[in-house]
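A.B. asks: quick one: sequence plus predicted model below, questions after.
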Amino acid sequence: MPGDDEPRGIIAPLKENIAFGVETATKLLSPANISAGIAQVQKMTALEKVLGLFTVLFYIVYGIGLATLWLNTKVGGTVLHLMRGKPKEEPKTEEDTSATQKKAKTAEEVEIDPLAVVASQDPSSAFASSMGVSENLEQIAKEKAEKEELAAQVEAAMLAADEAKKKKAASTAGAAPSFDIGKYMKKLTSFLARNFFQIKFFALVIAFLINFMLLFYKVSQIESDEEGAEDDGMGDIAAELADDEPAEEAGDPGEDAEDDGGEEEDPEEYIHVEQQFWYLERCINILGMIHCLFSLCMLIAYYNLKIPLAIFKREKQVSRKMEFDGIYIAEQPEDDDLNGHWDKMVISAKSFPVNYWDKFVKKRVREKYSETFEFDALSEILGMDKSAIPADPSSETGIIATLKNVDWRYQTWQIGVTVTDSTFLYLIFYFVFSVLGNFNYFFFAAHLIDVAIGVPALRIILQAITYNGKELVLTVGLLSIVCYIYTVLAFNFFREFYVAEGEEGEDPDQKCHDVFTCFVFHLYQGVRAGGGIGDVIEPPDGADNEYVRILFDFSFFLFITLILLAIIQGFIIDAFGALRDQLQGVEDELAGNCFICSISSDYLDQIPHGFDTHVQKEHNLANYLFFLMYLINKDESDYTGQETFVWNMYQERCWDFFPAGDCFRKQYESELGGGGG
């Protein structure tokens, strides 16, 4: 047997490690250990069980990550090495190629044998020379030689081109690979736009996880300095220092101590999680950064997915208003139409329209109103050239020329349309709160509102609040004015009823001895009180102006509590009912009537499956849309008579070509019913 100093090899330590692992696994999986673990789990509370589950999941994910990393490093690296094979051989240089060619030429060169030349001479040439036609044969041979020379030149040119390609490929392979950032950025934005709703769902799930972990945070008080000094054993030293102070200065600190003792300072507090759940803070930190990244991806995805569509719709709306309603030309938008006044900026932009497919809308508008208005004035309003000959493009180059060529009017309008989009603004605030959540985790509570915005059934509740937004704001303003009027009356005539007695040694609390405090008190206490301002101030029993005070309290309760607050509630309830009826009406209309001809399903269902067959085959909405797109993409000179009729009506936005109230089944009702013979 080998001694202690002799090498043991690698088999013995390997066996020991395997035996130790098997022994440890046997102990962990033993019935006694499993029974003890089950008993311990049964004693745990529900909260501890949930935390234990999260802990186990955390270590499982951690172990899977380590195993995956090891597999990628060991197994994947070996597979990649085998797949790559041998290293690529270096290309030969021009010197090696020329040397090889020279060796081949010398090997091919042999001594010329005159007898062989004579023996190889063509008998026909000798016969032709004897017959006197050798000149024609020489001309033919000359032409043949020229053709062979031309073919040799073409072949040499092709070889030279191949060598140039090989040299270029070798130089490209040796140089650093090119990286097209724009191409990959376009792919990235397209990927985000396609997966916008999936990213939004994952961000909402992460927000729920973060807020669930925040339930385990609590507030604790920081120990005072005096307690810390006693714990450190510094009390004797402080007493000695106090004895060494002069007696003259001893009185002043005592007075300050008495003053401080009267007003006890609140102990400082801090928010933290218990030590046994220390990993929750790390998890929230990681999830917060992931949520911030998802919020940024949502913002980029929406900008590339929905903003171009919103700009297209806005350009289409402006173009149709100009062409058919004469807005901005013969008429001006209403004063409260902020979007209309903002759109007035873009009609004079030279690049308008950009996203809208109809590029000749300005030309048609100028032709339509040229008889009513001056040509130059219309051209200036529409931002068009007054001359039919286009101006020569500028030959300037550089940054200044590039900035001059940018249509700043259109870009400014586009920025305004973008920042006024409600969903885009919501995503901006969503991203800002996500960034702030990495500094204070409780900002993530605001992201839970996304549930009400993402679920259509809950979105109606938020729309009910903003449906009559203008009327609500005006009503709240009227409520504030009425409260101010009652504030003035209370300040001048009923101040004594707004005084509350303080505690022992404190001054009375005066709520209406300055106008601003009195106004805030009426808004905060009076509006919220169920019985009006009379419930939160002193009763008028036995006062000189008792009856006037009763009238004051009753009128406040009548006008503010009963009328104005009821009006605000009525606006919200009516808006909710109107939105619900509108949504239900649209669903009933589409389910019970044909969208094209408006014939009800009761009439069409006289034949089994008549309505379904009608809306899917006879009057399918998709067929009408495809027909309009077919007319848009077709050349007008190739239209048939029916296509010309439909196109002219579409240009005027007249939809009379839809068969309203009519269909083939109704036309041939007698034949379908068997009445015709």
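C.D. replies: Right, received. Where do you want to start?
A.B. asks: and the gap between Thr487 and Gly532?
C.D. replies: Distance from Thr487 to Gly532, counting by Cβ to Cβ, to the nearest Å: 14 Å. C-beta coordinates here come from the backbone N, C-alpha and C atoms, glycine included.
A.B. asks: try Asn438
C.D. replies: With Cβ to Cβ as the criterion, Asn438 and Gly532 are 46 Å apart.
A.B. asks: those two - which one has more neighbours?
C.D. replies: For Asn438 against Gly532, the residue with the higher neighbour count under other Cβ atoms under 10 Å is Gly532, and the figures read 23 against 15.
A.B. asks: quick one: contacts for that one?
C.D. replies: Residues in contact with Gly532, defined by Cβ atoms under 8 Å, 6 or more residues apart in numbering, are 526, 553-554, 556-557, 560-561.
A.B. asks: show the model's pLDDT score for it.
C.D. replies: In this model, Gly532 is scored at 84, pLDDT.
A.B. asks: gap between it and Gln525?
C.D. replies: Gly532 is 10 Å from Gln525, where distance means Cβ to Cβ.
A.B. asks: how about Arg194?
C.D. replies: According to Cβ to Cβ, Arg194 and Gln525 sit 54 Å apart.
A.B. asks: those two: who's more crowded?
C.D. replies: Of the pair Arg194 and Gln525, Gln525 is the one with more neighbours under other Cβ under 10 Å, namely 15 against 12.
A.B. asks: doesn't Ile533 make contact with that one?
C.D. replies: Yes - between Gln525 and Ile533 there is a contact under Cβ atoms under 8 Å: 7.2 Å.
A.B. asks: what residues are shared contacts of those two?
C.D. replies: Where contact means Cβ under 8 Å, 6+ apart, no residue is in contact with each of Gln525 and Ile533.
A.B. asks: list phi and psi for Ser600.
C.D. replies: The phi and psi values for Ser600, taken as degrees, to the nearest 10, are phi -70, psi 160.
A.B. asks: how about it: what's its closest non-neighbour residue?
C.D. replies: The shortest distance from Ser600 to any residue that is not its chain neighbour, by Cβ to Cβ, 6 or more residues apart in numbering, is 5.3 Å, and that residue is Asn593.
A.B. asks: measure how buried that neighbour is and give me the count.
C.D. replies: Using other Cβ under 10 Å, the number of residues around Asn593 comes to 18.
A.B. asks: next, count neighbours for the closest residue to Thr418 other than its chain neighbours.
C.D. replies: Leaving aside its sequence neighbours, Thr418 sits nearest to Ile307 (Cβ to Cβ, 6+ apart; 5.6 Å). Neighbourhood size, Ile307 [other Cβ under 10 Å]: 16.
A.B. asks: from Asp421, how far out is Ile307?
C.D. replies: 7 Å.
A.B. asks: residue contacts, the residue nearest to Ser600?
C.D. replies: Asn593 touches 599-601, counting by Cβ under 8 Å, 6+ apart.
A.B. asks: then Ile327?
C.D. replies: Shown in contact with Ile327 (Cβ under 8 Å, 6+ apart): 321, 333, 340.
A.B. asks: and of those, the nearest to Thr613?
C.D. replies: Using Cβ to Cβ, Lys321 comes nearest to Thr613 of these, at 39.7 Å.
A.B. asks: my read: that closest one touches Glu331, true?
C.D. replies: No - using Cβ under 8 Å, Lys321 makes no contact with Glu331, being 9.2 Å away.
A.B. asks: check what contacts stretch 576-588 and list those residues.
C.D. replies: Residues beyond stretch 576-588 that count as contacts (Cβ under 8 Å, 6+ apart) turn out to be 460-461, 463-464, 467.
A.B. asks: oh, that last question was meant for stretch 439-459, not what I typed.
C.D. replies: Applying Cβ under 8 Å, 6+ apart, the contact partners of stretch 439-459 are 200-201, 203-204, 207-208, 210-211, 214, 284, 288, 291, 426, 430, 433-434, 436-437, 461-462.
A.B. asks: let's see 7 Å
C.D. replies: When contacts are defined by Cβ atoms under 7 Å, 6 or more residues apart in numbering, stretch 439-459 is touched by residues 200, 204, 207, 210-211, 214, 284, 288, 430, 433, 436-437, 461-462.
A.B. asks: can you pick out the most distant pair from those?
C.D. replies: The largest separation in these, counting by Cβ to Cβ, is between Ile284 and Ile461 at 29.6 Å.
A.B. asks: more neighbours: which of the two?
C.D. replies: When Ile284 and Ile461 are compared on other Cβ under 10 Å, the one with more neighbours turns out to be Ile284, at 22 against 13.
A.B. asks: buried set for stretch 648-666?
C.D. replies: Residues of stretch 648-666 classed as buried: 659, 663, 665 (neighbour count, 16 or more other Cβ atoms under 10 Å).
A.B. asks: what about that stretch, distance to the chain center?
C.D. replies: Taking Cα atoms, centre = their mean, to the nearest Å, one finds the center of stretch 648-666 at 40 Å from the center of the full chain.
A.B. asks: CA atoms of that stretch as PDB?
C.D. replies: Written as PDB, here are the backbone C-alpha positions of stretch 648-666 (Å, rounded to 0.1, in the frame of the first residue of the first chain):
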ATOM      1  CA  ASN A 648     -66.200  60.000 -59.200                       C
ATOM      2  CA  MET A 649     -68.500  59.400 -56.200                       C
ATOM      3  CA  TYR A 650     -65.600  58.400 -54.000                       C
ATOM      4  CA  GLN A 651     -63.700  61.500 -55.000                       C
ATOM      5  CA  GLU A 652     -66.700  63.600 -53.700                       C
ATOM      6  CA  ARG A 653     -67.000  61.300 -50.600                       C
ATOM      7  CA  CYS A 654     -70.500  60.300 -51.700                       C
ATOM      8  CA  TRP A 655     -71.500  56.800 -50.700                       C
ATOM      9  CA  ASP A 656     -74.700  56.500 -52.700                       C
ATOM     10  CA  PHE A 657     -73.100  53.600 -54.700                       C
ATOM     11  CA  PHE A 658     -73.700  51.400 -51.600                       C
ATOM     12  CA  PRO A 659     -76.900  49.400 -52.100                       C
ATOM     13  CA  ALA A 660     -78.700  50.800 -49.000                       C
ATOM     14  CA  GLY A 661     -81.900  48.900 -48.300                       C
ATOM     15  CA  ASP A 662     -81.400  46.600 -51.400                       C
ATOM     16  CA  CYS A 663     -79.900  43.300 -52.300                       C
ATOM     17  CA  PHE A 664     -80.300  40.600 -55.000                       C
ATOM     18  CA  ARG A 665     -82.400  38.500 -52.700                       C
ATOM     19  CA  LYS A 666     -84.900  41.300 -52.200                       C
END
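A.B. asks: so for it, mean pLDDT?
C.D. replies: pLDDT averaged over stretch 648-666 equals 80, rounded to a whole number.
A.B. asks: before we move on, what about stretch 552-566?
C.D. replies: Mean per-residue pLDDT for stretch 552-566: 89.
A.B. asks: okay, the residue nearest the centre of the chain: pLDDT?
C.D. replies: In the chain, the centroid-proximal residue (Cα atoms, centre = their mean) is Met298; its distance is 2.4 Å. In the predicted model, Met298 carries a pLDDT score of 92.
A.B. asks: tell me the buried residues in whichever strand or helix holds it?
C.D. replies: With the criterion set as DSSP states H and E, the secondary-structure element containing Met298 is helix 279-305. Using 16+ other Cβ under 10 Å as the burial criterion, the residues of helix 279-305 that qualify are 280, 284, 287-288, 291-292, 294-305.
A.B. asks: for the host helix or strand of Ile415, which positions count as buried?
C.D. replies: In the assignment (DSSP H and E), Ile415 maps to helix 408-419. Of all the residues in helix 408-419, those buried under the rule 16+ other Cβ under 10 Å are 409-410, 413-414, 416-417.
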